[in-house]
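Student: Okay, sequence plus prediction incoming.
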Amino acid sequence: MRNGIPDCVPVIPQICLPHAVLMLGMDFEETLLAAIRDPSLMAKYTLECALAYGVDGVRIWTPGVPMDVVKIDGKWHGRDLETGEVLGEVDFMGGGGVVPSEEPSICSYADIERIPVPSAEEIIKSGRLDGIKAVIDKVGDDLFVISNPGAFTVEYLTFVRGKAQAMIDLVDKPDFCHQALEKALQAAIQHALALAEIGIDGLLLGETFGGVVGPAFFGEFCLPYFQRFVEAVKGRGPLIYLHICGNSRQILELMAETGVDCIEPLDALGGVEVWDAKKRVGDRVALMGGLNTVKLAQGTLQEVKDDCARCLSEGAVGGGYILASGDMLPTETSRKKVEYLIEAAHSYRYD
């Protein structure tokens, strides 16, 4: 991730809870529901899966707020423990957790003013990061531990305004958007500084919608906020990488301009080609990802082997490349396929 030449190509296959549960042989539905009731279980099972595979890095999220779960019309939903409010449907198909409601939670400038921005010291004292600290202490230098400081660009707007309304707001209410993003940025910086203080190795910045809004909107509502985050946090210890899935071809240079150490996931389904990213920005940032997620989920082992060979030949030459899935590792990816990724990457020899 420092864009150098290590002893072997690292592997960080973006393990999420549903895949970990399946690989560990646990009851799928019951375990995901249990992790909503007790969010600390997400870190526990994800780490167990990563250690079982022997990968080089693992993402550990800051635990969310515990929820109750209730079945409505045959589907499981998360419910607020205090108010009983139904907060969203349980995401069995994606990364686990509860899909947030599309109803706006921030509707006025006064709402923005009320967004809390706890200091790094307050976050540490709250105990929210105790689970992550326990993982760091357990694995030491044997595993590169990554966490997320929270969204603060367009993705944040989709959480607090709903996806459709957020897209409209970018055009109709740009000043409102900027004020909300400013508050979210300050909160994310403090969260990142707290993670740095407890010894996190890497920080993941997620922006799912960066490739959707286009270069102009990315340049206004994403780029300056990412740059300011990097300026505030870089040099405090953690390396920083930027995740934009889908078609990021049109903004690869802007992604490198953010100042992050690495960009990913080089989503093959979005038309991103590892060789193209290497040629255009590989001298400025490290690259991670590129493996076709459909082949990981549904392809043969030989197809995955061929895809690994493609990614390594296009990305690993000269260093600065991490082998990983072109987005979240699909839940149904077989253990043999993941084990092959590790074997292929760790046996790669630089010229």
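Tutor: Yep, it's here. Numbers count the residues shown, from 1 in each chain.

Student: Please make it C-alpha for all contacts and neighbour counts, starting now.
Tutor: Will do.

Student: just the strands in the stretch 251-351 of the chain please.
Tutor: Using DSSP state E, counting those that start in this stretch, the strands of the stretch 251-351 of the chain run over residues 262-264, 286-288, 321-322.

Student: can I get those in JSON lines with mean pLDDT and distance to residue 22?
Tutor: What follows is these, written out as JSON lines (pLDDT from 0 to 100; distance: least, CA to CA, whole Å):
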{"stretch": "strand 262-264", "mean pLDDT": "98", "distance to residue 22": "25"}
{"stretch": "strand 286-288", "mean pLDDT": "98", "distance to residue 22": "24"}
{"stretch": "strand 321-322", "mean pLDDT": "97", "distance to residue 22": "24"}
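
Student: Adding distance to residue 162 as columns, could you present these in a markdown table?
Tutor: Output for those, formatted as a markdown table (distance: least, CA to CA, whole Å):
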| stretch | distance to residue 162 |
| --- | --- |
| strand 262-264 | 25 |
| strand 286-288 | 29 |
| strand 321-322 | 33 |
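
Student: Which one of those lies nearest to residue 139?
Tutor: Judged by CA to CA, the one of these that comes nearest to residue 139 is strand 321-322, at 19.9 Å.

Student: burial count for residue 313?
Tutor: 13 (other CA atoms under 10 Å).

Student: Quick check: the gap between it and residue 286.
Tutor: Relative to residue 286, residue 313 is positioned 15 Å away (CA to CA, to the nearest Å).

Student: Residue 38 now?
Tutor: 35 Å.

Student: and if you look at residue 124?
Tutor: Taking CA to CA, one finds residue 124 at 30 Å from residue 286.

Student: which one of these two has more residues nearby?
Tutor: Each of residue 124 and residue 286 has its neighbours counted (other CA under 10 Å); residue 286 has more, 26 against 19.

Student: Pairing partners for the more buried one in the sheet, please.
Tutor: Counting by DSSP bridges, residue 286 forms beta bridges with residue 262.

Student: From the contact counts, what lies against the longest helix seen in the chain?
Tutor: When the chain is parsed with DSSP state H, its longest helix is helix 174-197. The contact analysis (3 or more CA pairs under 8 Å, 6 or more residues apart in numbering; DSSP states H and E) places helix 174-197 against helix 109-113, helix 120-126, helix 154-161, helix 163-172, helix 223-233.

Student: now what about the first one, what contacts it?
Tutor: Judged by CA atoms under 8 Å, 6 or more residues apart in numbering, the contacts made with helix 109-113 from elsewhere in the structure are 106, 176, 179-180, 183.

Student: same question for it, mean pLDDT?
Tutor: Mean pLDDT, helix 109-113: 97.

Student: So for that helix, what gets flagged as buried?
Tutor: residue 112 (16 or more other CA atoms under 10 Å).

Student: Mind exporting the C-alpha coordinates of that helix to PDB?
Tutor: The C-alpha coordinates for helix 109-113 follow below in PDB (Å, rounded to 0.1, in the frame of the first residue of the first chain):
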ATOM      1  CA  TYR A 109     -29.800  23.600   8.600                       C
ATOM      2  CA  ALA A 110     -30.700  23.200  12.300                       C
ATOM      3  CA  ASP A 111     -30.600  19.500  11.900                       C
ATOM      4  CA  ILE A 112     -27.000  19.800  10.600                       C
ATOM      5  CA  GLU A 113     -26.000  21.900  13.500                       C
END
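
Student: How about residues contacting the longest helix of the chain?
Tutor: 109, 112, 115-121, 123-124, 129, 147-153, 156-157, 169-170, 203, 221, 225, 229, 232-233, 236-238.

Student: quick one: that helix to chain centroid distance?
Tutor: Computed by CA atoms, centre = their mean, to the nearest Å, the chain-centroid distance of helix 174-197 equals 17 Å.

Student: Please name every helix or strand in contact with the next helix or strand after it.
Tutor: Scanning forward in sequence from helix 174-197 by DSSP states H and E, the next helix or strand is strand 202-206. Packing partners of strand 202-206 (3+ CA pairs under 8 Å, 6+ apart): strand 144-147, strand 239-243.
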